[in-house]
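Visitor: When you get a sec, could you give me coordinates for this:
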Amino acid sequence: MIPRELEREIFELRACNFTPRQIARYLGMRVGDVKAAIALRGEPAIATLKTPQELPPVAKCWVNFKCAKHLLDNIGQDEEISSCLGLIVVARFQDYHRLLVCTYLIDYLCLGLKDTMGVRIVDKDRYGYFLHNSYLPFPDGYQEISLEEAQAIVLGSIYYAARLGFDPHPDFDITRDHLGQWDTIIPLQFGRKGKPLYINGPYDNAREIIKILEENIGRGNFDYILGIG
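Guide: Below is the predicted model of the structure:
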């Protein structure tokens, strides 16, 4: 990860309308690292993030089993790949009867944050139903995780994807604050066997995605599977 002091310099330059390429040249960094830092924190600068004291306390965080197995348990790398998607749900207390919920759909092998929704208010007596419906596309099931693990999965996938040339879903500007400050670094291994693996989805422009990968990391430095939708 980029040191905090260097992060501050990036956002000071960004606030002065420097482009990522200009910032990279000025600071002696890779353009991909600058873009990744900006993608993680969004725009405007880092100071707009809510502090833990300003956020409601966390109720529970969840992730589907396959994503947890791949990233948190670091197993399954040699198994046949059937999915690249993880769904993270972060719930905070609105009051005694209601929760504030955001969801984050990630491609942990390549593309990072593909979709995000929230912040929505869910009654506690409807929360189980909400979870059940949210994880219906994930028959492997889901498990509870800590906020630090949820942050590491979501923000780590965005950082990884940004270095490959991919921006997070535009609604991340809305749901970023819900994750809170990312202070505990949990090292996770994105991609598969040290390389990005792109698996095309039904709404992807596969040709454009492969072109971006070739431009940013070069042919032979990534794998892809086409025809899975």
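
Visitor: residues contacting Val122?
Guide: Ala91, Arg98, Leu99, Leu100, Val101, Phe130 (C-beta atoms under 8 Å, 6 or more residues apart in numbering). Using the backbone N, CA and C atoms, a C-beta is placed for each residue, glycine as well.

Visitor: for this structure, what spans make up the helices?
Guide: 4-15, 20-27, 31-41, 65-71, 124-134, 147-164, 172-179, 206-217 (DSSP state H).

Visitor: Go through these and name the closest to Leu87.
Guide: helix 124-134 (6.6 Å; C-beta to C-beta).

Visitor: Can you give me the buried ones in that closest one?
Guide: Tyr127, Phe130, Leu131, Ser134 (16 or more other C-beta atoms under 10 Å).

Visitor: Using PDB, list the CA coordinates for that helix.
Guide: Provided in PDB are the C-alpha atoms of helix 124-134 (Å, rounded to 0.1, in the frame of the first residue of the first chain):
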ATOM      1  CA  LYS A 124     -34.300  -5.500  11.600                       C
ATOM      2  CA  ASP A 125     -37.200  -8.000  11.200                       C
ATOM      3  CA  ARG A 126     -36.600  -7.900   7.400                       C
ATOM      4  CA  TYR A 127     -32.900  -8.100   7.500                       C
ATOM      5  CA  GLY A 128     -32.700 -11.900   7.300                       C
ATOM      6  CA  TYR A 129     -35.000 -11.800   4.300                       C
ATOM      7  CA  PHE A 130     -32.800  -9.100   2.700                       C
ATOM      8  CA  LEU A 131     -29.700 -11.300   3.200                       C
ATOM      9  CA  HIS A 132     -31.300 -14.400   1.900                       C
ATOM     10  CA  ASN A 133     -32.400 -12.600  -1.300                       C
ATOM     11  CA  SER A 134     -29.000 -10.900  -1.700                       C
END
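
Visitor: model confidence over that helix, on average?
Guide: Helix 124-134 shows an average pLDDT of 94 in the prediction.

Visitor: Now do that helix: everything it contacts.
Guide: Helix 124-134 has contacts (C-beta under 8 Å, 6+ apart) with Trp62, Leu87, Val89, Ala91, His97, Arg98, Leu99, Val101, Thr103, Val122, Tyr142.

Visitor: ok so, going back, mind putting the contacts of Val122 into TSV with distance to Asn221?
Guide: Converted to TSV, these look like this (distance: C-beta to C-beta, whole Å):
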residue	distance to Asn221
Ala91	38
Arg98	47
Leu99	42
Leu100	40
Val101	37
Phe130	40
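
Visitor: So which of these are in strands?
Guide: Secondary structure from DSSP state E places Ala91, Arg98, Leu99, Leu100, Val101 of these in strands.

Visitor: Just the pLDDT for the spatially most central residue of the chain.
Guide: Most central in the chain under C-alpha atoms, centre = their mean is Val154, positioned 2.9 Å from the mean C-alpha point. Note for Val154: predicted pLDDT of 95.

Visitor: surely it meets Ile106?
Guide: Yes: look at Val154 against Ile106 with C-beta atoms under 8 Å: they come within range, at 6.3 Å.

Visitor: what do those two both touch?
Guide: Ile88, Leu113.

Visitor: between the ones in strands among the contacts of Val122, which is nearest Glu54?
Guide: Closest to Glu54, out of all of the ones in strands among the contacts of Val122 and judged by C-beta to C-beta, is Leu100, at 12.9 Å.

Visitor: what are the bridge partners for that closest one, then?
Guide: Leu100 has these beta-bridge partners by DSSP bridges: Arg92, Ile121.
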